[in-house]
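1. Sharing a model prediction with you, sequence too.
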Amino acid sequence: MEEQMRLLQEWQQRIRKSQKAHYQDAERLKRNKLYLGIPTVILTSLVSAGVFTSMNDSGDTIQVNPLFIGLISVLATILVSLQTFLNYAENKEKHLNAARRLSSLKKEVQQNIITIEKTTETLNVFIEEVRLKWEEIINEAPLISSANFDRFFRKKNTTKNKNQRQL
């Protein structure tokens with residue numbers, strides 16, 4: 001029974017680390033979306049203003065270089081395409097969903113460490129339930145970033161393959 005309790009406590013810590021890593025990845029993706037989205041809005045606004053200014057027939061002296069408008073338009077198109085391709089909003093939601101589910105599982109483990117009937121059979125049943133729920137969450141969640149994996153799971157001076165990010 002002591003080994004099972006130690007296992008649950010170790011899993012609780014790993015689940016907590018996974019939860020934190022997913023929350024941090026969601027925050028990073030939120031920032032990235034803003035870093036890409038704000039310049040996109042500014043550039044598309046400039047293109048629109050430039051197009052309307054160049055269409056002015058009132059004889060005003062404001063001249064807009066068509067090459068300038070074209071370059072900004074191309075840059076804005078590239079940024080919009082990147083937003084679509086990188087899909088920061090959807091990936092952020094996937095990380096948040098994983099973090100929330102891991103939070104729930106962590107609380108369930110915490111509660112049961114204290115309240116569960118301490119028999120070998122009940123502990124084994126609960127351990128199997130936790131393992132299955134955790135596995136389901138991991139299989140549906142996006143991989144955490146390499147930086148967060150290194151931060152939360154790699155021990156210093158470890159030479160594990162950087163592509164191994166399974167929790």
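-> Cool, the structure landed. Numbers count the residues shown, from 1 in each chain.

2. How about residue 75: what's its closest non-neighbour residue?
-> Sequence neighbours aside, residue 43 is the residue nearest to residue 75 in space, at 5.7 Å (criterion: Cβ to Cβ, 6 or more residues apart in numbering). The C-beta positions use only the backbone N, C-alpha and C, and glycine is treated the same way.

3. tell me what the helix ranked longest in the chain is packed against?
-> When the chain is scanned for its longest helix (criterion: DSSP state H), the result is helix 2-54. Applying 3 or more Cβ pairs under 8 Å, 6 or more residues apart in numbering; DSSP states H and E, we find helix 2-54 packed against helix 66-86, helix 88-115, helix 120-140, helix 146-153.

4. rerun that using 6 Å as the cut-off
-> Secondary-structure packing of helix 2-54 (3 or more Cβ pairs under 6 Å, 6 or more residues apart in numbering; DSSP states H and E): helix 66-86, helix 88-115, helix 146-153.

5. Alpha carbons of the first one, in CSV - could you do that?
-> So that's helix 66-86. Once non-C-alpha atoms are left out, helix 66-86 reads as follows in CSV (Å, rounded to 0.1, in the frame of the first residue of the first chain):
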residue,chain,number,x,y,z
PRO,A,66,1.2,52.8,-55.3
LEU,A,67,4.3,50.7,-54.7
PHE,A,68,4.1,51.5,-51.0
ILE,A,69,0.4,50.4,-50.9
GLY,A,70,1.3,47.2,-52.8
LEU,A,71,4.2,46.3,-50.5
ILE,A,72,2.0,46.9,-47.4
SER,A,73,-0.8,44.9,-49.0
VAL,A,74,1.6,41.9,-49.7
LEU,A,75,2.9,42.1,-46.1
ALA,A,76,-0.6,42.2,-44.7
THR,A,77,-1.6,39.2,-46.9
ILE,A,78,1.4,37.2,-45.6
LEU,A,79,0.5,38.0,-42.0
VAL,A,80,-3.1,37.0,-42.5
SER,A,81,-1.9,33.8,-44.1
LEU,A,82,0.4,33.1,-41.2
GLN,A,83,-2.5,33.7,-38.7
THR,A,84,-4.6,31.1,-40.6
PHE,A,85,-1.7,28.6,-40.9
LEU,A,86,-0.4,28.8,-37.3
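
6. buried sites along that helix?
-> By neighbour count on 16 or more other Cβ atoms under 10 Å, the buried set for helix 66-86 is 69, 72, 73, 75, 76, 79, 83.

7. Show residues contacting it.
-> Defining contact as Cβ atoms under 6 Å, 6 or more residues apart in numbering, one finds that helix 66-86 is touched by 36, 40, 43, 44, 46, 47, 50.
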